[in-house]
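Undergrad: predicted model and sequence below, questions to follow.
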Number of protein chains: 2
Amino acid sequence: MLIVLDNSSPVPLYKQIVEQIRAKILKGELQPGEPLPSIRQLASDLLTSVITTKRAYQELEAEGLIQTRPGLGTFVAEIKEASLEEIRLKEVEARLRDIVRDSARLGIGATTLRSILDKVIEAEGLMDE
Amino acid sequence: MLIVLDNSSPVPLYKQIVEQIRAKILKGELQPGEPLPSIRQLASDLLTSVITTKRAYQELEAEGLIQTRPGLGTFVAEIKEASLEEIRLKEVEARLRDIVRDSARLGIGATTLRSILDKVIEAEGLMDE
DNA sequence: TATAGTGTATATGTACCATATACACAGTGT
DNA sequence: ACACTGTGTATATGGTACATATACACTATA
């Protein structure tokens, strides 16, 4: 499993793991029912302790994205593609809402905001799905 | 100075102070040269210690938004309105860029992103400046 | 020059992050 | 049955960032 950790980041290691596995599941790169690496295997790969990988899996399980069974291992939860799509959209919406609110406080208007988004989409080369 | 702290927030107190004063300066609510409350006064108002308010002022000074002189007090730095506008826009742009990148990873396209932004702008009632 | 205001520095407690190590559960080969 | 090797779990320990109280130093002014 390709996961890259940045030890000098202010983001805790376990959270970096959570975010990257979360993205793989939401994207469909990891299919429902598919086994995840064991906490030991992952800890070994990432040069961290089992506590850190366990902590990450706990967060993902609390969110309902994975399911862990003692002695057996950890698996991607059975979630319908429609639900994944909803989670993806809700997430983006929440983050955009934060920006819109802060923009209001800073006196940045709707038109300006839209044009900045267009500019960034262009610069990043984001395509239509 | 109206500042609201949330003790149950995961965001450190000093950072909450930084963000709110920062917003007031960027918005022009606090004018260049204008004195800020003393760290003692602010600490007293917010029911925190002077260390916390000092920490907040340190961050703001490091960013160049305020200037503190021992024995005298702390003042909003002399920054041109054009520079403030640039800081405001850069900030929003950086945050939108993060979202665009994450959207690309999750397979969310440009059109979808634009429509979500429109929806949120509508819901939040963001006007043109 | 005493005083009341300002910012500064040092030592202490608490909470979260990350670790090592010892424990308990589930399947598999003998 | 039983040992073994894999899985996840629980406990005790150390480091670091946040927040504090308290004592110190600087600046203006009566």
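TA: Ah, there it is.

Undergrad: please pick out the residue of chain A most distant from its centre.
TA: Ranking residues of chain A by C-alpha distance from their mean position (Cα atoms, centre = their mean) puts residue A:107 at the top, at 30.9 Å.

Undergrad: phi, psi of the closest residue to DNA strand C within chain A?
TA: Proximity of chain A to DNA strand C (Cβ to the nearest atom of the strand) peaks at residue A:71, 2.1 Å away. C-beta coordinates here come from the backbone N, C-alpha and C atoms, glycine included. With angles defined as degrees, to the nearest 10, residue A:71 sits at phi 90, psi -20.

Undergrad: tell me the contacts of it?
TA: By Cβ atoms under 8 Å, 6 or more residues apart in numbering or on different chains, the contact list for residue A:71 is empty.

Undergrad: scan chain A for its longest helix.
TA: When chain A is parsed with DSSP state H, its longest helix is helix A:81-106.

Undergrad: buried residues, that one. List them.
TA: Across helix A:81-106, burial judged by 16 or more other Cβ atoms under 10 Å in any protein chain shown covers A:84, A:87-88, A:91-92, A:95-97, A:99-100, A:102-104, A:106.

Undergrad: mind putting these into CSV with pLDDT and distance to chain B?
TA: Output for the buried residues of helix A:81-106, formatted as CSV (pLDDT from 0 to 100; distance: Cβ to the nearest Cβ, whole Å):
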residue, pLDDT, distance to chain B
A:84, 95, 9
A:87, 94, 9
A:88, 95, 5
A:91, 94, 8
A:92, 96, 6
A:95, 96, 5
A:96, 98, 5
A:97, 97, 5
A:99, 96, 5
A:100, 97, 5
A:102, 91, 8
A:103, 94, 6
A:104, 91, 6
A:106, 88, 5
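
Undergrad: quick check: which of those residues are also close to DNA strand C?
TA: Among the buried residues of helix A:81-106, no residue is within reach of DNA strand C (Cβ under 7 Å from any atom of the strand).

Undergrad: any chance of the residues you listed in TSV, with distance to DNA strand D too?
TA: Formatted as TSV, the buried residues of helix A:81-106 follow (distance: Cβ to the nearest atom of the strand, whole Å):
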residue	distance to DNA strand D
A:84	22
A:87	23
A:88	25
A:91	25
A:92	27
A:95	22
A:96	26
A:97	25
A:99	23
A:100	26
A:102	20
A:103	26
A:104	26
A:106	24
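
Undergrad: export those residues as TSV, with columns for distance to residue A:13.
TA: TSV is the format used below for those (distance: Cβ to Cβ, whole Å):
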residue	distance to residue A:13
A:84	25
A:87	24
A:88	24
A:91	22
A:92	25
A:95	23
A:96	28
A:97	29
A:99	27
A:100	32
A:102	29
A:103	33
A:104	35
A:106	33
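
Undergrad: before we move on, the earlier item: relative to helix B:81-106, how tilted is the longest helix of chain A?
TA: Counting by axes from the mean of the first three to the mean of the last three Cα atoms, to 10 degrees, helix A:81-106 lies at 180 degrees to helix B:81-106.

Undergrad: circling back to that earlier point, contacts only, for the residue farthest from the centre of chain A.
TA: Counting by Cβ under 8 Å, 6+ apart, residue A:107 makes contact with B:27, B:28, B:88, B:129.

Undergrad: most surrounded residue in the residues you listed?
TA: When neighbours are counted by other Cβ atoms under 10 Å in any protein chain shown, residue B:88 leads those with 19 neighbours.

Undergrad: I'd say that one and residue A:106 touch.
TA: Yes - contact criterion Cβ atoms under 8 Å: residue B:88 and residue A:106 qualify, at 5.0 Å.

Undergrad: need the residues of chain A near DNA strand D, please.
TA: For chain A, the residues in contact with DNA strand D (Cβ under 7 Å from any atom of the strand) are A:36, A:38-41, A:50-51, A:54, A:57-58, A:68-74.

Undergrad: neighbouring contacts of stretch A:13-21?
TA: Stretch A:13-21 is contacted by residues A:1, A:3-7, A:9, A:11, A:30, A:36, A:42, A:46, A:48, A:52-53, A:55-56, A:59-60, A:65-66 when judged by Cβ under 8 Å, 6+ apart.
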